[in-house]
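Visitor: From the sequence below, what's the structure:
(one chain, ligands or ions: 1)
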Amino acid sequence: MTGPMLKLEGLRKSYRGKPALRGLDLTIADNEIFALLGPTGAGKSSTLLATAGLISLDSGRVHLGGRDVTDIDPAGRDVAIVFEGFNLLPVLDVKDNIAFALRSPTFRESEDEIKARIGRTAELLRISHLLDRDVDTLSGGERQRVAIARALVRRPKLFLLDEPLSALDLKLREGLRAELRQIHRQYRSTMFYATHDYHGAIAVADRIGIVDGGVVLQAGTIAEIYARPANVFVGKLIGSPAMAFFEAHVDGDAVRITGNGQRIPLADFGGLGPRTGTVLVGAWPEDIEVVSPATANTSEGRIYAVDNRGFERAVQINGAYGAFRKVLPHGVEMKQNDACAFRILDGAAFLFDAASGNRLSQAHTEERA
Ligand SMILES: Nc1ncnc2c1ncn2[C@@H]1O[C@H](COP(=O)(O)OP(=O)(O)OP(=O)(O)O)[C@@H](O)[C@H]1O
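Guide: You can find the predicted model right below:
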């Protein structure tokens, strides 16, 4: 096959007059793991359902493996979908649940082939010992493995996963993410994974797409998105903690963070941006240095909250410019209500339009990300 595995063009879908997809475009390469990341109601499930042919579109085209499948029913699309709710059939045991799709009229595999495939897939997902159990006797994590096995056994061209791990506890989630990558390596299947969890997205995906309001705001590798976040929304969804934003004012040839804060020459933003008025300065928390005591050209703040994350601590720093969160470097001790000072490292700040939220400054080089 040449060209992308999946190409979605201008997808539009309204439910009872309310738009869920508003001209969504997206391209996923063959063999890629692509995560669609967005908040609740962003249109992730609708995008996956439209890809599988399980909802009808108001307009737009779906191309799968170079073929326009917009008017083809789900059985003819060669995609498999795993939903958050597991969609297992409670009246069947594990092996019959896995075999279900292979016994459908579309596949009509021989019973020997079905048995062999179930055996291999069960081994891969470490559920061989569960094959004779009824699905309603399984734990959440076991059910999810069975649901993935059921989709995988068909060896679809495209594997759609809709929040497949969100109901699981952290340890199981991390284990299954690693397994998804392993499955991908062995089967070379293309995976399209919808999630609202940033960590989940970056842990499994080669590229991610940020979706909101039924459109893809930005798609790329995490390094590309770090180097050139398209807008404030993307910055707030990416990173751990997310991008820090500071209210600031353009003052002649520099931008000054509100509250007598750090002054950054406009030239550092590629000379772009307005000559006056309010803007937003953005920076990845890793690029913000806490300086104590305050030195020249820093911003001041106060520790609003300290959040223990096991080996590390994240703090929320509040000031006249707003609030942001940052993981403290080892050895820096700070407690609630302490005064602090910080500065954004040279060349690390981004400039955003305060009204539209769009990035004004040039991209940073990818080496920075
Ligand atoms: N069957 C439906 N009937 C009416 N409205 C719907 C239906 N399905 C989705 N919607 C609405 O369409 C919008 C997009 O929903 P969608 O499920 O695609 O978003 P999502 O990003 O998957 O959200 P979540 O993370 O909560 O699953 C939401 O406003 C949702 O309420």
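
Visitor: Quick one: low-confidence residue ranges for the stretch 251-369 of the chain.
Guide: The stretch 251-369 of the chain contains residues with pLDDT under 70 at 271, 273, 293-294, 363-369.

Visitor: which stretches of the stretch 51-200 of the chain form strands?
Guide: 59-64, 67-68, 79-82, 158-162, 190-195 (DSSP state E, counting those that start in this stretch).

Visitor: chain center to the shortest one, what's the gap?
Guide: So the one you mean is strand 67-68. Distance of strand 67-68 from its chain centroid, counting by Cα atoms, centre = their mean, to the nearest Å, is 27 Å.

Visitor: Within its sheet, name the partner strands of it and how each one runs.
Guide: Strand 67-68 pairs in its sheet with strand 59-64 (antiparallel), by DSSP bridges.

Visitor: which residues sit against the partner strand?
Guide: Outside strand 59-64, the residues that touch it by Cβ atoms under 8 Å, 6 or more residues apart in numbering are 4-12, 21, 23-24, 50-51, 53, 68-70, 77-79, 157-158. Bear in mind the C-beta positions are built from the backbone N, C-alpha and C, glycine included.

Visitor: Now do the contacts for the nearest residue to Ile344 once chain neighbours are set aside.
Guide: Spatial nearest neighbour of Ile344, excluding adjacent residues (Cβ to Cβ, 6 or more residues apart in numbering): Ala283 at 4.4 Å. Contacts for Ala283 were tallied using Cβ under 8 Å, 6+ apart; they are 243-244, 246, 344-345, 348-350.

Visitor: As a check, name the ranges of all helices in the stretch 1-150 of the chain.
Guide: For the stretch 1-150 of the chain, the helices defined by DSSP state H, counting those that start in this stretch cover 44-52, 94-99, 111-124, 140-152.

Visitor: Export those helices as JSON lines, with columns for distance to the ligand and mean neighbour count.
Guide: Output for those, formatted as JSON lines (distance: least, Cβ to the nearest ligand atom, whole Å; neighbours: other Cβ atoms under 10 Å):
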{"stretch": "helix 44-52", "distance to the ligand": "3", "mean neighbour count": "23"}
{"stretch": "helix 94-99", "distance to the ligand": "24", "mean neighbour count": "23"}
{"stretch": "helix 111-124", "distance to the ligand": "27", "mean neighbour count": "16"}
{"stretch": "helix 140-152", "distance to the ligand": "17", "mean neighbour count": "23"}
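
Visitor: possible to save these as a markdown table with mean pLDDT?
Guide: Below are the helices of the stretch 1-150 of the chain laid out as a markdown table (pLDDT from 0 to 100):
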| stretch | mean pLDDT |
| --- | --- |
| helix 44-52 | 95 |
| helix 94-99 | 89 |
| helix 111-124 | 86 |
| helix 140-152 | 84 |
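
Visitor: Switch those helices over to JSON lines, and while doing so, append distance to Ser59 to every line.
Guide: JSON lines is the format used below for those (distance: least, Cβ to Cβ, whole Å):
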{"stretch": "helix 44-52", "distance to Ser59": "11"}
{"stretch": "helix 94-99", "distance to Ser59": "36"}
{"stretch": "helix 111-124", "distance to Ser59": "37"}
{"stretch": "helix 140-152", "distance to Ser59": "28"}
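
Visitor: any low-confidence regions in the stretch 51-200 of the chain?
Guide: Along the stretch 51-200 of the chain, the parts satisfying pLDDT under 70 run over 84-86, 106-107, 167-168.

Visitor: That one against the ligand: which residues are in contact?
Guide: Contacts of the stretch 51-200 of the chain with the ligand, taken as Cβ under 6 Å from any ligand atom, map to His196.

Visitor: Repeat the analysis, applying 8 Å as the threshold.
Guide: Selection of the stretch 51-200 of the chain residues close to the ligand by Cβ under 8 Å from any ligand atom yields 55, 84, 162-163, 194, 196.

Visitor: picking up where we left off before, could you say which of the strands of the stretch 51-200 of the chain is packed most deeply?
Guide: Comparing the strands of the stretch 51-200 of the chain by mean neighbour count (mean count of other Cβ atoms under 10 Å), strand 190-195 ranks first with a mean of 25.

Visitor: could you check the angle strand 158-162 makes with that strand?
Guide: Comparing the axes of strand 190-195 and strand 158-162 via axes from the mean of the first three to the mean of the last three Cα atoms, to 10 degrees yields an angle of 10 degrees.

Visitor: so what does strand 190-195 touch, helix or strand wise?
Guide: strand 33-37, helix 44-52, strand 158-162, helix 170-187, helix 198-204 (3 or more Cβ pairs under 8 Å, 6 or more residues apart in numbering; DSSP states H and E).

Visitor: Can you tell me which of those is nearest to Lys115?
Guide: helix 170-187 (18.7 Å; Cβ to Cβ).

Visitor: Please name every helix or strand in contact with that closest one.
Guide: For helix 170-187, the packing partners by 3+ Cβ pairs under 8 Å, 6+ apart come out as strand 33-37, helix 111-124, helix 140-152, strand 190-195, helix 198-204.

Visitor: So which residues make contact with it?
Guide: Residues contacting helix 170-187 (Cβ under 8 Å, 6+ apart): 33, 124-125, 140-141, 144-145, 148, 152, 155, 161, 164-166, 168, 189, 191, 193, 200, 203-204.

Visitor: Over to stretch 267-281?
Guide: In contact with stretch 267-281 (Cβ under 8 Å, 6+ apart) are residues 232, 245-253, 255, 257, 264, 266, 344, 346-347, 349-354, 357, 360-362.
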